[in-house]
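>>> 3D model of this:
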Amino acid sequence: MSFNRDPYITYMNAAGVAVAWIGSVLGPLFVFSTFGDFSHPNTYIGTALIIIVLLSIRDGIKAKKNGNISGFIAMCLMPLIVPCIVILSFYLFWS
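The predicted structure follows:
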């Protein structure tokens with residue numbers, strides 16, 4: 001992996017990871033809140049967020065194949081773990 005990247009590429013990767021973490025929680029919520037209503041914009045926003053999460057997971061798997069463990073954790077494991085933490089905290093603290 002090359003470390004001579006320009007600041008724009010570095011920022012976009014960091015922003016993509018943040019969007020993937022947030023989208024892993026909000027994407028399914030947007031889709032399920034308007035389930036079956038394909039004329040509502042939230043359905044398309046949620047679908048786009050889920051696609052971003054899936055692309056992030058794919059990039060995390062590629063990072064693992066290249067030996068980048070931190071990239072694997074940030075791009076693959078965290079989008080899968082964050083929704084579990086949110087659901088667990090909801091049931092522990094708000095129910």
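>>> contacts and neighbour counts: CA atoms only from here.
OK.
>>> name the residues of the longest helix along the chain that come out as buried.
For the chain, the longest helix by residue count, based on DSSP state H, is helix 7-33. Across helix 7-33, burial judged by 16 or more other Cα atoms under 10 Å covers 16-17, 19-28, 30-31.
>>> what does stretch 44-56 give?
Buried-residue list, stretch 44-56, by 16+ other Cα under 10 Å: Tyr44, Ile45, Gly46, Thr47, Leu49, Ile50, Ile51, Ile52, Val53, Leu54, Leu55, Ser56.
>>> tilt between the one helix or strand the first one maps to and helix 7-33?
In other words, Tyr44. For Tyr44, the enclosing helix or strand under DSSP states H and E is helix 41-65. Interaxial angle of helix 41-65 relative to helix 7-33 (axes from the mean of the first three to the mean of the last three Cα atoms, to 10 degrees): 130 degrees.
>>> and helix 41-65, how far out from the chain's middle?
6 Å (Cα atoms, centre = their mean, to the nearest Å).
>>> what's the answer for stretch 34-53, then?
With Cα atoms, centre = their mean, you get 14 Å for stretch 34-53.
>>> centroid-nearest residue for this protein?
By Cα atoms, centre = their mean, the chain has its centre lying nearest to Ala20, at 2.2 Å.
>>> now that one: closest residue in space, sequence neighbours ignored.
Distances taken as Cα to Cα, 6 or more residues apart in numbering place Val53 nearest to Ala20, at 4.8 Å, with adjacent residues excluded.
>>> so the one you found makes contact with Gly23?
Yes - at 6.5 Å, Val53 counts as touching Gly23 under the criterion of Cα atoms under 8 Å.
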